[in-house]
Structure formats: structure tokens, C-alpha cells
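S.K.: sharing a model prediction with you, sequence too.
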Amino acid sequence: MPTRRGFFAFAFGAAWAGPGAAAEPALGEDGLLHEPWFLQSFLDLREDLESAAAGGKRLAIMWELRGCPYCRETHLVNFADAAIATYIRDNFEVLQLNLIGSRKVTDFDRQELPEKDLARKYGIRFTPTFQFFPPSADGIEAKEAMAREVARAPGYLKPAHFLAMFRFVRERAYERGSFRDFLAANG
């Protein structure tokens with residue numbers, strides 16, 4: 001639970017960070033770093049997707065695990081890059097889930113599962129893993145779990161490839177080819 005002192009320290013730090021500067025992630029009680037701009041959710045994936053779409057954004061899930069060095073790297077290197085963070089904030093709602101977490105999440109098919117069981121359902125085995133979903137929830141519940149996502153980034157990606165993955169999804173390039181093809185065409 002955030003403390004009043006923690007809130008004021010964050011607010012003061014954010015105020016002095018200046019325009020374009022990335023705000024520092026906060027270490028949560030779950031042992032995960034949390035970006036201040038991550039989606040605050042009731043953990044209903046269909047609602048989150050519909051809300052993102054209504055705001056002209058895409059839904060991404062970031063799966064993490066306490067003590068994961070590459071999750072930490074994603075926060076302290078990739079998200080710390082103001083250009084990357086701005087692009088993601090402007091175009092995506094990012095929901096953070098814990099690979100071994102116990103919070104209840106309502107999947108697109110209305111099945112309610114603890115985070116760890118949802119991770120198993122979607123075959124999430126590595127952290128960080130990003131799942132990206134279609135721009136609309138239409139027909140998503142009828143698909144098998146693995147067929148619901150339009151792209152996946154399992155493991156750490158260096159900043160340039162990380163940003164490229166988000167561009168790949170935002171530009172719907174997955175409809176024309178693979179991520180590898182996208183990287184080759186976009187240098």
C-alpha cells in the first residue's frame with residue numbers, strides 16, 4: 001500500500017523530472033517494478049481491451065516475475081528511454097501481470113483465473129513476456145487462448161527492437177508478415 005510520504009516523494013520527483021523525462025518506476029509489495037503510467041485495471045481483459053480501443057490504443061500485457069533481471073532491465077533501460085515510453089503511453093495500455101501471482105483475472109471468455117493459471121493457459125513461460133491483442137474485442141472470446149493475441153515478445157528485447165515490436169503491433173504489420181520481416185524492412 002502506498003504511503004503518504006511515498007506519494008509526496010513521487011509527486012515531487014515527477015514535478016522536477018521536467019518535460020519528456022521518464023518517471024521512475026516504483027517497487028511494489030509484490031517485488032515488481034511498476035511504471036506510474038501502467039494500466040490500473042479491474043483485471044477484466046475484455047473491458048481493458050474495449051477501453052483501450054475506445055481511447056484509440058492497443059492492449060498489451062507485460063508478464064513479470066519478482067527478481068527477474070530482464071524485467072528490471074526493461075524498466076530501467078527500455079522504459080527509461082523517454083522516446084520509447086512516450087510512444088508506448090501514447091499508443092498502448094499496458095497491463096502488468098505476475099507470472100506466479102494470485103490476483104483473479106477475468107479472461108476474454110469470462111473465465112476467472114489467478115494470474116499464474118492465466119499464464120499457464122496462455123503458455124507464458126519466460127519473463128518478461130509481452131502479449132499484444134487485436135484492436136477490437138469482436139469475436140475474441142470464441143478463439144483459443146493462444147490465437148487471441150496478434151503478437152508476442154518472449155524475453156528481453158534491446159531498446160531498438162523493443163520499440164520496433166510496439167510499432168509492429170500499432171501499425172498492424174503482423175497482418176503482412178513476421179516481426180523478423182518488419183525488422184528487415186524497417187532497419
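M.R.: Now that the structure is in, tell me what you want to look at. All of these numbers come straight from a predicted model, not from anything done at the bench.

S.K.: distance check, the closest residue to N98 other than its chain neighbours against I124.
M.R.: If the residues on either side of it in the chain are set aside, N98 comes closest to E115, at 5.1 Å by C-beta to C-beta, 6 or more residues apart in numbering. In this view, the C-beta of every residue, glycine as well, is placed from N, C-alpha and C. Distance, E115 to I124, by C-beta to C-beta, to the nearest Å: 10 Å.

S.K.: same thing with F179?
M.R.: Here the distance between F179 and I124 works out to 18 Å (C-beta to C-beta).

S.K.: the two - which one has more neighbours?
M.R.: Ranked by neighbour count (other C-beta atoms under 10 Å), F179 and I124 place I124 first, with 21 against 18.

S.K.: skip the chain neighbours and tell me the closest residue to that one.
M.R.: Once flanking residues are discounted, I124 sits nearest to W63: 4.9 Å by C-beta to C-beta, 6+ apart.

S.K.: tell me which residues touch the one you found, please.
M.R.: By C-beta atoms under 8 Å, 6 or more residues apart in numbering, the contact set of W63 is 97-99, 119, 124, 127-131.

S.K.: shared neighbours of E115 and I124, anything?
M.R.: L99.

S.K.: buried residues in stretch 40-55?
M.R.: For stretch 40-55, the neighbour count (16 or more other C-beta atoms under 10 Å) marks 41, 43-46, 48-49, 52-53 as buried.

S.K.: what does that stretch rub up against?
M.R.: The contact list for stretch 40-55 (C-beta under 8 Å, 6+ apart) reads 39, 58-59, 92-93, 95, 103-108, 110, 133-137, 140-141.
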